[in-house]
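Novice: below is the sequence, then the predicted model.
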Amino acid sequence: MKNVIEEAAVQQKKTLGFWIYLMTDLVLFASLFATFAVLRGQTFGGPSGHDLFNMPFVLLETMILLTSSFTAGLAILGSNRGYKKQTIFWLFVTFALGAAFLTLELTEFSHLVSEGDGWQRSAFLSSFFTLVGTHGLHIAIGLLWLAVMIIRLIRFKFKQTDLNRLALFALFWHFLDVVWIFIFSIVYLIGGMA
């Protein structure tokens, strides 16, 4: 009984620590959004968001990422019911969707750079690449975390620590979806009007 209580206390500390981490990430993204808002009109005679953004492409990215958040939720439901195969399946789907999103984001960056519209061209593009790239880096880290969890779940039985880690991952992944909704709205929709 004492071990169970101690383990629960440790998990509460980990969860609190993870929430603190997410709040620091929130501050980071808030500062990047503020920077973008200030610099979105500073094109140095170059193209603006209206000239560069391909909205159907960005909408596809958005739908893929939002779907991955849904599949992460299905993995959580499976894990809470003790369905290992179902949990692993939905984690694989989440991984595939996250990788597809990241591939599309890198494709967009590559296209912009090949057209001569890289981060060094203007303050607007520097802030765009920094904000969207930071989100992409978080997605890449989430994919690494997800891969480790999938491998662990395939090799071992469900343990309470795995379920707790999965819950924290889902929290992280949903946070990235919320950040992307703001990127989609502020950067692509509002920034694409300038």
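Specialist: Sure, I can see it.

Novice: how about the strands in the protein?
Specialist: Counting by DSSP state E, one finds no strands in the chain.

Novice: scan it for its longest helix.
Specialist: The longest helix of the chain (DSSP state H) is helix 2-39.

Novice: where does pLDDT dip in this protein?
Specialist: 1-2, 4, 192, 194 (pLDDT under 70).

Novice: and the helices in it, which stretches?
Specialist: Using DSSP H, the helices of the chain run over 2-39, 49-52, 55-80, 84-114, 123-155, 160-182.

Novice: do you know which of those lies nearest residue 188?
Specialist: Closest to residue 188 of these is helix 55-80 (Cβ to Cβ; 4.9 Å). All C-beta spots, glycine's among them, are computed from the backbone N, C-alpha and C.

Novice: other SSEs contacting the closest one?
Specialist: If you count contacts as 3 or more Cβ pairs under 8 Å, 6 or more residues apart in numbering; DSSP states H and E, helix 55-80 packs onto helix 84-114, helix 160-182.

Novice: quick one on the thing from earlier: what angle sits between the longest helix of the chain and helix 160-182?
Specialist: Using axes from the mean of the first three to the mean of the last three Cα atoms, to 10 degrees, the direction of helix 2-39 lies 10 degrees away from that of helix 160-182.

Novice: counting contacts, what elements does helix 2-39 pack onto?
Specialist: Other helices and strands packing on helix 2-39, by 3+ Cβ pairs under 8 Å, 6+ apart, are helix 123-155, helix 160-182.

Novice: looking at the helices and strands packed on helix 55-80, which is closest to residue 8?
Specialist: That would be helix 160-182 among the helices and strands packed on helix 55-80, by Cβ to Cβ, at 9.3 Å.

Novice: circling back to that earlier point, dump the helices of the chain to TSV, plus mean neighbour count.
Specialist: Listed next are these as TSV, based on neighbours: other Cβ atoms under 10 Å:
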stretch	mean neighbour count
helix 2-39	13
helix 49-52	16
helix 55-80	17
helix 84-114	17
helix 123-155	17
helix 160-182	17
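
Novice: distance check, the closest residue to residue 105 other than its chain neighbours against residue 147.
Specialist: Nearest non-adjacent residue to residue 105, counting by Cβ to Cβ, 6 or more residues apart in numbering: residue 136, 4.9 Å away. Distance, residue 136 to residue 147, using Cβ to Cβ, to the nearest Å: 17 Å.

Novice: for residue 14, find the nearest of the helices and strands packed on helix 55-80.
Specialist: Smallest distance to residue 14 across those (Cβ to Cβ): 7.1 Å, for helix 160-182.

Novice: between helix 55-80 and that closest one, find me the angle.
Specialist: Using the same axes, to 10 degrees, helix 160-182 lies at 160 degrees relative to helix 55-80.

Novice: what residues does helix 160-182 touch?
Specialist: With contacts defined as Cβ atoms under 8 Å, 6 or more residues apart in numbering, helix 160-182 is touched by 7, 11, 14-15, 18, 22, 25, 29, 33, 62, 65-66, 68-69, 72-73, 75-76, 79-80, 87, 94, 98, 135, 138-139, 142, 145-146, 149, 152-153, 156.
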